[in-house]
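Novice: got a predicted structure here, sequence first:
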Protein chains: 2
Amino acid sequence: MRTLKYAILGLVNRNPITGYDITKEFNKELANFWYAKHSQIYPELKKLVDEGLINFEVIIAGESLEKKLYTITEKGKESLKKWLLQVEDLDPTPKDKFKLRMYFSEILNKEEIILQFEDQLIKRNKKLQFLNDVMNEYDRTIPDVISPEFGDYMVLEGAILREQSYIEWINRCLNRLK
Amino acid sequence: MRTLKYAILGLVNRNPITGYDITKEFNKELANFWYAKHSQIYPELKKLVDEGLINFEVIIAGESLEKKLYTITEKGKESLKKWLLQVEDLDPTPKDKFKLRMYFSEILNKEEIILQFEDQLIKRNKKLQFLNDVMNEYDRTIPDVISPEFGDYMVLEGAILREQSYIEWINRCLNRLK
DNA sequence: TTATAACATGTCAATATTTACATGTTTGAT
DNA sequence: ATCAAACATGTAAATATTGACATGTTATAA
């Protein structure tokens, strides 16, 4: 499936970028639907170079610090575009540890179950607050439809809707329990 | 983290069950938040027996077909309960291949992007329809709060809310694009 | 000046998951 | 009777992911 391959290819396609900065991207907007550790990214970058999908140029920062700045090749662009146009079946439902725990919660007592949901509610609200804060930075300026910022905006909105819906679910469960 | 361990322990705790039937459970309600292939389940069952968390009894069905019926031990129950009471940080946001593709969609043209969203919309609506059909089997009888069926009901509702919210997101994206 | 956080790139071992291989039984429809 | 689908349990190889190990540089605040 090699999804990480295309996640990286997509980023390198936007702008030449280092492995370190790719890792950072996986902790921003992108983190709302994909992520990877640097220990997975560096080997994948090497692989993509071997496959001729990206190139790199070594840059010296300061006195001696070496950075590798990766650039996409024509072959890489084609490969990315082909992947973007794919029509795939729906992914399996994402795994959810909290739902798994609540699914088996019958062996707990009511108070214990309620505590679990209330804790989850606090954490989800905090996350929603964070996402809303990021969204407010766009304030009145919704990005143009065909632009990299539109991608950021779109998935951020998706993340907010998802959290809201999760919170709605928690509240319904709590109402039933009380 | 061993989440599969607890998913299996939770199922075995409900009722004695075979590996084959555990695999089937992972394709029903449970599939809305956890799943595994039989090639992962059988080795995990062996491990749980080694750890003394479950036992099994060999049953002969028909002439000679051997089934292993697994039962939870006291130690297993304790282990499960401890896990259920855990208060954990939020899981990282689940990965979403479709969102990843749309995030990088700026290199496609508008028509191509719209086609992608429309295809996704059809598939998501189909899935929502399926979930609603399952939900309708409960019709007017919402299960009692502390019962295994309540778990089923709860997570099914969660799955429906999630699909609805995904569809809402797709529609918003399509509105912007058109 | 010096300590610390952030920058920068990698490897290795362990765990988790998927896909393919492998084998045999039982039930139910034609 | 016989065929196919479902029942039933496993292993092995490949891929994906995480967590720990490993090393060195640069910017900045105290």
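Specialist: It's in.
Novice: does anything pack onto the helix or strand where A:L9 lies? Which helices or strands?
Specialist: Assigned by DSSP states H and E, A:L9 falls within helix A:3-14. The contact analysis (3 or more Cβ pairs under 8 Å, 6 or more residues apart in numbering or on different chains; DSSP states H and E) places helix A:3-14 against helix A:19-25, helix A:38-50, strand A:54-61, strand A:65-72, helix A:74-84, helix B:97-103. From N, CA and C alone the C-beta is placed, and that goes for glycine too.
Novice: report the angle between the fifth one and strand A:54-61.
Specialist: Between the axis of helix A:74-84 and that of strand A:54-61 there is an angle of 120 degrees, by axes from the mean of the first three to the mean of the last three Cα atoms, to 10 degrees.
Novice: same check, this time on the longest one
Specialist: Angle between the axes of helix A:38-50 and strand A:54-61 is 120 degrees (criterion: the same axes, to 10 degrees).
Novice: quick one: contacts of helix A:38-50?
Specialist: Helix A:38-50 is contacted from outside by A:4-5, A:8-9, A:19-20, A:22-23, A:26, A:36, A:54-56, A:68, A:70, A:76, using Cβ atoms under 8 Å, 6 or more residues apart in numbering or on different chains.
Novice: between those residues, which has the most around it?
Specialist: A:I8 (29 neighbours; other Cβ atoms under 10 Å in any protein chain shown).
Novice: ok, now which ones touch that one?
Specialist: If you count contacts by Cβ under 8 Å, 6+ apart, then A:I8 has A:I22, A:I41, A:E44, A:L45, A:L48, A:I54 around it.
Novice: you'd agree the first one is up against A:L11?
Specialist: Yes - in this structure A:I22 lies within contact range of A:L11 using Cβ atoms under 8 Å: 5.6 Å.
Novice: about what we covered before: so can I have TSV of the helices and strands packed on helix A:3-14 showing distance to DNA strand D and mean pLDDT?
Specialist: Below are those laid out as TSV (distance: least, Cβ to the nearest atom of the strand, whole Å; pLDDT from 0 to 100):
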stretch	distance to DNA strand D	mean pLDDT
helix A:19-25	9	98
helix A:38-50	3	98
strand A:54-61	5	97
strand A:65-72	3	98
helix A:74-84	13	98
helix B:97-103	10	97
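Novice: which of the ones you listed sits most buried?
Specialist: Of the helices and strands packed on helix A:3-14, the one with the most neighbours on average (mean count of other Cβ atoms under 10 Å in any protein chain shown) is helix B:97-103, at a mean of 22.
Novice: same for that helix, what does it pack against?
Specialist: By 3+ Cβ pairs under 8 Å, 6+ apart, helix B:97-103 packs against helix A:3-14, helix A:148-177, helix B:110-136.
Novice: and those as JSON lines, adding distance to DNA strand C and mean pLDDT?
Specialist: Converted to JSON lines, the helices and strands packed on helix B:97-103 look like this (distance: least, Cβ to the nearest atom of the strand, whole Å; pLDDT from 0 to 100):
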{"stretch": "helix A:3-14", "distance to DNA strand C": "11", "mean pLDDT": "98"}
{"stretch": "helix A:148-177", "distance to DNA strand C": "19", "mean pLDDT": "95"}
{"stretch": "helix B:110-136", "distance to DNA strand C": "17", "mean pLDDT": "96"}
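Novice: DNA strand D: which of those is closest?
Specialist: Among the helices and strands packed on helix B:97-103, helix A:3-14 comes nearest to DNA strand D, with 4.7 Å by Cβ to the nearest atom of the strand.
Novice: is stretch A:82-89 positioned near DNA strand C?
Specialist: No - figure legend: stretch A:82-89 not in contact with DNA strand C (Cβ under 7 Å from any atom of the strand); closest approach 10.8 Å.
Novice: what sits up against that stretch?
Specialist: If you take Cβ under 8 Å, 6+ apart as the criterion, stretch A:82-89 is touched by A:6, A:9, B:97-98, B:101, B:104-105, B:107-108, B:112, B:116, B:119, B:123.
Novice: for stretch A:53-70, same thing?
Specialist: Contact with stretch A:53-70 is made by A:5, A:8-9, A:12, A:16-20, A:45, A:48-49, A:71-73, A:75-76, A:79, as judged by Cβ under 8 Å, 6+ apart.
Novice: first-to-last residue distance for stretch A:54-69?
Specialist: 10 Å (Cα to Cα, to the nearest Å).
Novice: what do you get for stretch A:104-114?
Specialist: End-to-end distance for stretch A:104-114, by Cα to Cα: 14 Å.
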